[in-house]
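**Student:** this one's structure only:
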Ligand SMILES: [Cu+2]
């Protein structure tokens with residue numbers, strides 16, 4: 001190969017890399033967006049990511065420039081040169097290979113430590129509100145208040161938090177290690193069996209923030225999503241009061257038939273519907289399942305069609321899901337059970 005040929009290829013690669021980074025930074029927004037922080041726990045992290053990515057772009061451009069320069073300024077052929085120019089270039093290596101990296105890495109270390117300190121830490125004495133989140137293969141149990149208290153709320157895959165309040169999340173796991181991650185609100189925190197880890201979730205911008213398990217936990221790890229809904233304190237209070245109420249009584253004969261079929265089937269041994277005889281604790285609490293945006297931890301939208309399909313054969317839609325296929329209902333009964341669950345708002 002002619003000298004400089006490799007340089008041209010690297011320049012192309014470096015340019016593409018810088019362009020891709022800049023495109024990534026320019027702000028495509030999603031519910032899992034680290035660049036648009038919705039609260040004080042994510043803002044310092046987001047700033048560090050922007051800074052680091054920009055720095056990477058600068059380094060890539062400088063390296064590309066130096067490679068081009070080397071190509072343009074080359075003299076003679078490889079054969080005409082000594083194998084190595086041992087006398088020259090030591091200063092380049094000292095500055096570029098040692099001095100610059102040491103300065104940059106020490107500065108980044110300082111920045112990282114400062115960022116960690118800027119993230120609000122759980123203060124055991126003054127949480128405005130405490131939520132207990134328990135990770136299961138492959139869904140999230142969410143509880144507000146003590147099981148001894150009358151107003152306890154248990155739901156799944158959906159946290160509601162009041163805007164501007166410091167919400168302490170106590171994180172547990174029921175089986176393996178999972179990780180609780182809401183990119184727009186906080187960094188990741190592991191959920192470890194036999195241990196409680198805590199973080200402070202605070203949002204100052206209203207919205208529905210996407211969350212995702214961030215520690216590989218088995219087959220359905222990718223379908224272990226949740227939603228954090230940040231809303232004004234009075235909306236939150238109304239939501240919490242509605243969630244604390246027992247399930248709505250069936251309003252039509254069809255819904256009543258759905259309830260009867262649900263309670264008679266094995267469903268009730270795995271699921272709780274408060275206010276009925278269903279007290280199972282294996283799967284999500286279904287007392288207000290109709291009001292949730294998704295079912296099966298974000299794997300499906302909460303709509304009648306999806307609900308039917310899920311009830312008939314959950315593992316076909318979410319392979320490995322810990323809910324067995326339930327094909328014992330005839331068509332009318334299945335419709336009634338699904339309609340009953342959708343009516344539980
Ligand atoms: Cu996972």
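**Tutor:** Structure's in. What do you need? All figures in this text were calculated on a predicted structure; none of them were measured in a lab.
**Student:** now do the strands in the stretch 201-345 of the chain.
**Tutor:** Taking DSSP state E, counting those that start in this stretch to define them, one finds strands in the stretch 201-345 of the chain at 207-213, 225-231, 294-295, 300-301.
**Student:** contacting residues around the closest residue to residue 112 other than its chain neighbours?
**Tutor:** Leaving aside its sequence neighbours, residue 112 sits nearest to residue 48 (CB to CB, 6 or more residues apart in numbering; 7.0 Å). Yep, even glycine has a C-beta here, placed from its N, CA and C like the rest. Applying CB atoms under 8 Å, 6 or more residues apart in numbering to residue 48 gives the contacts 111, 112, 115.
**Student:** those in helices, which ones?
**Tutor:** Those of the contacts of residue 48 mapping onto helices are 111, 112, 115, per DSSP state H.
**Student:** for burial, what's the neighbour tally of the last one?
**Tutor:** By that I understand residue 115. If you count neighbours by other CB atoms under 10 Å, residue 115 ends up with 18.
**Student:** what's the spacing between it and residue 105?
**Tutor:** Going from residue 115 to residue 105 by CB to CB, to the nearest Å gives 15 Å.
**Student:** repeat for residue 187
**Tutor:** Distance, residue 187 to residue 105, by CB to CB: 21 Å.
**Student:** for this structure, which residues are neighbours of the ion?
**Tutor:** 178, 213, 217, 221, 224 (CB under 5 Å from the ion).
**Student:** so which of these wins on neighbours?
**Tutor:** Neighbour counts for these (other CB under 10 Å) peak at residue 178, which has 30 neighbours.
**Student:** that one contacts residue 188, correct?
**Tutor:** No: with contact defined as CB atoms under 8 Å, residue 178 does not count as touching residue 188 (10.2 Å).
**Student:** list residues touching both of these two?
**Tutor:** Overlap of the contact sets of residue 178 and residue 188 (by CB under 8 Å, 6+ apart) consists of residue 215.
**Student:** name the nearest residue to residue 45, ignoring sequence neighbours.
**Tutor:** The shortest distance from residue 45 to any non-neighbouring residue, by CB to CB, 6+ apart, is to residue 187 (5.6 Å).
**Student:** pLDDT at that neighbour, what is it?
**Tutor:** At residue 187, the pLDDT value in this model is 90.
**Student:** same check, this time on residue 71
**Tutor:** 86.
**Student:** the ion versus that one, what's the distance?
**Tutor:** 47 Å (CB to the ion, to the nearest Å).
**Student:** and residue 166, by the same measure?
**Tutor:** 26 Å.
**Student:** follow-up on the earlier one: more neighbours: which of residue 187 and residue 105?
**Tutor:** More crowded of residue 187 and residue 105, by other CB under 10 Å: residue 187, with 19 against 10.
**Student:** that one against residue 41, yeah?
**Tutor:** Yes: assessed by CB under 8 Å, residue 187 is found in contact with residue 41 at 7.4 Å.
**Student:** anything in contact with each of these two?
**Tutor:** Residues touching both residue 187 and residue 41 (CB under 8 Å, 6+ apart): residue 119.
**Student:** once you drop chain neighbours, what's closest to residue 244?
**Tutor:** Residue 244 sits nearest to residue 151 (CB to CB, 6+ apart), 4.6 Å away.
**Student:** tell me the secondary structure of the one you found, please.
**Tutor:** Secondary structure assignment for residue 151 (DSSP: H, G, I helix; E, B strand; the rest coil): coil.
**Student:** what residues are up against it?
**Tutor:** By CB under 8 Å, 6+ apart, the contact list for residue 151 reads 145, 240, 241, 244.
**Student:** switch to 10 Å and redo it
**Tutor:** By CB atoms under 10 Å, 6 or more residues apart in numbering, residue 151 lies in contact with 144, 145, 240, 241, 243, 244, 245.
**Student:** and residue 341, by the same measure?
**Tutor:** For residue 341, the contact set (CB under 10 Å, 6+ apart) comprises 247, 255, 258-259, 262, 267, 271, 273, 286, 289-290, 295, 302, 304, 307, 310-311.
**Student:** local confidence estimate at it?
**Tutor:** Residue 341 is given a pLDDT of 96.
**Student:** how close does it get to residue 178?
**Tutor:** Using CB to CB, we find residue 341 at a distance of 26 Å from residue 178.
**Student:** helix or strand right after the helix or strand of the chain with the lowest mean pLDDT?
**Tutor:** Using mean pLDDT, DSSP states H and E, helix 5-25 stands out as the lowest-scoring helix or strand of the chain, at a mean of 47. Later in the chain than helix 5-25, the nearest helix or strand by DSSP states H and E is helix 43-72.
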